[in-house]
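Q: give me coordinates for this.
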Amino acid sequence: MEPPLPFKTRLQISIGTFAAKVCVRSDGTINCRLFSLLDQKVIAPTTKVFNDVPVSSSDISVDPSRNLWFRLFVPDTKSSAETLPLIVYFHGGGFTYFGPDSRSFDALCCNLAAQIPATIVSVNYRLAPEHRFPCAYDDGFDTLKYIEAQNYAVLPSKTDLSKCFIAGDSAGGNIAHHVTHRACKDSHQFKKIKIAGLLAMQPLFGGEERTASELRLTRVPFLNIESIDRMWRNFLPEGADRNHKAANVFRDGPNFKAAATVPEDFPSSLVFVAGFDPLQDWQKRYCEGLRRCGKDVWLVEYPNGIHGFYNFPELPESALFVKEVRQFIQEKSKFSTKQEIS
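A: Predicted coordinates:
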């Protein structure tokens, strides 16, 4: 079962898939150094124009000892009085590939910054297999703490920290969930940052069970059972299986006391699911788990979408995705403002 895709998209997918495959060692680990040579990078600082909106980018160091930094994207909006929500974003790549300076993720963040509009912080977290669970989660949480401490020393003054959205795609969506969970659990550490929502773009979750979508979708771009299993083996602690809490967050199913699984103030979530993504069953279970906890979930499904569709502007789902994100952020930002007033 293969999705209908234009030639340009198929060509890009073929190149990306080849680059990823040649970097897999015989033992299943990833040669990150080799992949970094093949990965197309974008240097900052720079200014690009998306939809007639100039977006400037710059790199901010958080902790040089672990190469923890983020790329900051700031749109030049027409109104100087307009405040911007903050999106803290975690890129995809199976915990092992890419960075904020990778061409596709740099373009995605520039586009979102211009069209939402929003200030975007794209985090360069440590990669597996050299840095396994919970390194990426620690890096994400520490970046939030850094922003809390530094705030307008590193962010533009028009950024509204009370309208903070944690976002991520694929493995980054997994990181976004766990960072949001920890930030809500330890909310006493944040006085300025208020998490208004979670944006989970085809988040990577899993378990020992083989789902129907994993077994059915064997000839789709980027992912199959073999590559998904390899991602978990590279990221999870040595000896752990896919029912580890990092992968299978609602692992005990309907009989689990789900209300104890997420903090009380865990925010509303916007979850994107695509019809040609083998992970879709796990993503839908994630939504069901959040709902069992009494949480607000916006589920958006694109039947013809592939994994990572938002990185291909030529696909119709890409434009629809931006509209959904804008609507969610506008809606939850209004709610956040009402809470402040009350």
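Q: tell me which helix or strand comes right after the strand or helix carrying Asp229.
A: Assigned by DSSP states H and E, Asp229 belongs to helix 225-235. Using DSSP H and E, the helix or strand that follows helix 225-235 towards the C-terminus is strand 268-276.
Q: export that next one to PDB, keeping only CA atoms.
A: Output of strand 268-276 as PDB, limited to C-alpha atoms (Å, rounded to 0.1, in the frame of the first residue of the first chain):
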ATOM      1  CA  SER A 268      -4.800  20.900  25.700                       C
ATOM      2  CA  SER A 269      -3.200  18.900  22.900                       C
ATOM      3  CA  LEU A 270      -3.300  19.200  19.200                       C
ATOM      4  CA  VAL A 271      -2.300  15.800  17.600                       C
ATOM      5  CA  PHE A 272      -1.800  15.200  13.900                       C
ATOM      6  CA  VAL A 273      -2.200  11.700  12.400                       C
ATOM      7  CA  ALA A 274      -1.700  10.600   8.800                       C
ATOM      8  CA  GLY A 275      -3.300   7.700   7.000                       C
ATOM      9  CA  PHE A 276       0.000   6.500   5.600                       C
END
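Q: how far does that strand sit from its chain's centre?
A: 12 Å (C-alpha atoms, centre = their mean, to the nearest Å).
Q: tell me which strands that strand pairs with, and in which orientation.
A: Strand pairing for strand 268-276, using DSSP bridges, gives strand 195-201 (parallel), strand 297-306 (parallel).
Q: could you give the mean pLDDT of that strand?
A: If you average the pLDDT over strand 268-276, you get 98.
Q: now it: buried residues?
A: With burial defined by 16 or more other C-beta atoms under 10 Å, the residues of strand 268-276 counted as buried are 268-276. All C-beta atoms are positioned from the backbone trio N, CA, C, and that covers glycine.
Q: nearest to Gly16, of these?
A: Phe276 (15.8 Å; C-beta to C-beta).
Q: spit out the contact partners of the residue nearest to that closest one when sequence neighbours are not counted.
A: Excluding the flanking residues, the one nearest Phe276 by C-beta to C-beta, 6 or more residues apart in numbering is Pro3, at 4.2 Å. By C-beta atoms under 8 Å, 6 or more residues apart in numbering, Pro3 lies in contact with 220-221, 275-276, 304-306.
Q: what does Lys48 give?
A: 54-55, 57, 110.
Q: SS state for it?
A: Here Lys48 is strand, with the state taken from DSSP: H, G, I helix; E, B strand; the rest coil.
Q: and it, bridged to which residues?
A: Here Lys48, judged by DSSP bridges, has bridge partners Val55.
Q: is it possible to get CSV of the strands paired with strand 268-276 that adds mean pLDDT?
A: Shown next, in CSV, are the strands paired with strand 268-276 (pLDDT from 0 to 100):
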stretch, mean pLDDT
strand 195-201, 98
strand 297-306, 97
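Q: pick the most buried one from those.
A: strand 195-201 (a mean of 27; mean count of other C-beta atoms under 10 Å).
Q: if you count contacts, what does whichever helix or strand comes after it end up packed against?
A: Per DSSP H and E, the first helix or strand lying C-terminal to strand 195-201 is helix 212-216. With contacts defined as 3 or more C-beta pairs under 8 Å, 6 or more residues apart in numbering; DSSP states H and E, the secondary structure elements packing on helix 212-216 are helix 225-235, helix 280-292.
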